[in-house]
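A.B. asks: coordinates only, no sequence provided:
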Ligand code: TRP
């Protein structure tokens, strides 16, 4: 079986957009691939400097993916920090990474640009973790001989850099020491509209958390922005953000029935939102229950991640050994 690997940066609360855009596609992929999914806590350290926040974010991601159906028997699921071989490989890769390649990384360039626009020094507030981010990410990937890396479009440059770095190592030692990974960009995942109608995204502040309480969920759904059509007016489900969300959660029969009510008129947006709340809450409550149970038992969560790390390390240590020996860095 081919190997799929991806990293999840723990920098916020999981929301419905994450579920449909990342979690669900990754879980589907895990049915056809040997999947290795990890929480990129050292990547998060570049921006999250509050220990309690980072710890909470990591547990939130772990519990969230498990509650969403990730089976740790089937997917190797671990914390990046639980696999210290990652950092040894990153150091090795750094010796093969041209500084100029890092200068061209979009995230770094954008940070410099922002500084310059504010009239500040280009490097203001930029740490080496951000600058060498692509090297660490290449290590994450190359350590596990990944064939495919499911990522969002914004991450494709990082995968190309991992390819370049792996190629440089292989070329130098005239040997296929590292597998060249391919990006697997999810093109056809549903766009999940946020509360204001724009794409649901943490940076827009328009998200619906995946594990909100029932009453929070209801409040948020009632806050979705609608047009001023009155109750009696027929409504077009195909141009309604509320219906777009409904479609993600409802089965086909429910969708057809509610679409007919939209078109018939007589149903106001308030009622449309009630229907949306009903189906979202129905589909999310089992996940929420599992999530709350996992969060309440951090030792259990930790032991799942520790078991994953153990499996991951047995693969990772072989990769590092292979490279050490090729490089002349023998124990
Ligand atoms: N950079 C990715 C992001 O911001 C997270 C990540 C870290 C990752 N290491 C990875 C993704 C390795 C894929 C493979 O989302």
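C.D. replies: Received it, and whenever you're ready, just let me know what you need. Being a predicted model, the structure only gives us computed values, none of them experimental.

A.B. asks: up against the ligand, what does the stretch 101-250 of the chain have?
C.D. replies: Contact residues, the stretch 101-250 of the chain versus the ligand (C-beta under 6 Å from any ligand atom): 137, 140-141, 149, 151, 155, 158. To be clear about C-beta, it is placed using only N, CA and C from the backbone, and glycine gets the same treatment.

A.B. asks: got a winner among the residues you listed for most neighbours?
C.D. replies: residue 141 (29 neighbours; other C-beta atoms under 10 Å).

A.B. asks: ok, that residue touching residue 5?
C.D. replies: Yes - if you go by C-beta atoms under 8 Å, residue 141 and residue 5 touch, sitting 6.0 Å apart.

A.B. asks: the residue of the chain found nearest the ligand: what's it in contact with?
C.D. replies: Going by C-beta to the nearest ligand atom, the ligand is nearest to residue 7 of the chain, at 2.7 Å. Residue 7 sits next to 37-40, 43, 80, 137, 140 when contact means C-beta atoms under 8 Å, 6 or more residues apart in numbering.

A.B. asks: sort out for me which of the residues you listed are in helices.
C.D. replies: Among the contacts of residue 7, the ones falling in helices (DSSP state H) are 43, 137, 140.

A.B. asks: distance between the ends of stretch 186-203?
C.D. replies: One end of stretch 186-203 sits 20 Å from the other (C-alpha to C-alpha, to the nearest Å).

A.B. asks: same question, stretch 88-108
C.D. replies: End to end - C-alpha to C-alpha - stretch 88-108 spans 23 Å.

A.B. asks: quick check: buried residues in it?
C.D. replies: 88-90, 92-94, 96-97, 101-102, 105, 108 (16 or more other C-beta atoms under 10 Å).

A.B. asks: phi, psi of residue 326?
C.D. replies: Torsion angles at residue 326 (phi, psi; degrees, to the nearest 10) stand at phi -60, psi -30.

A.B. asks: can you tell me the closest non-neighbouring residue to it?
C.D. replies: residue 173 (4.9 Å; C-beta to C-beta, 6 or more residues apart in numbering).

A.B. asks: kindly report the same for residue 202.
C.D. replies: Closest residue in space to residue 202, ignoring its immediate chain neighbours: residue 12 at 4.9 Å, by C-beta to C-beta, 6+ apart.

A.B. asks: what's the local residue count around that neighbour?
C.D. replies: 16.

A.B. asks: so it belongs to a strand, correct?
C.D. replies: No - counting by DSSP: H, G, I helix; E, B strand; the rest coil, residue 12 is not part of a strand but coil.

A.B. asks: that one against residue 57, yeah?
C.D. replies: Yes - counting by C-beta under 8 Å, residue 12 does reach residue 57; the two are 6.9 Å apart.

A.B. asks: pLDDT below threshold where in the stretch 51-200 of the chain?
C.D. replies: 188 (pLDDT under 70).

A.B. asks: what about 80?
C.D. replies: 186-190 (pLDDT under 80).

A.B. asks: all the helices of it, in order from the start?
C.D. replies: For the stretch 51-200 of the chain, the helices defined by DSSP state H, counting those that start in this stretch cover 51-67, 85-94, 99-103, 106-117, 128-131, 133-142, 156-173.

A.B. asks: mind listing residues that contact the longest one?
C.D. replies: Which is helix 156-173. Contact with helix 156-173 is made by 92-93, 96-97, 101, 105-106, 133-135, 137-138, 141-142, 149, 151, 176-183, 185, 323, 326-327, as judged by C-beta under 8 Å, 6+ apart.
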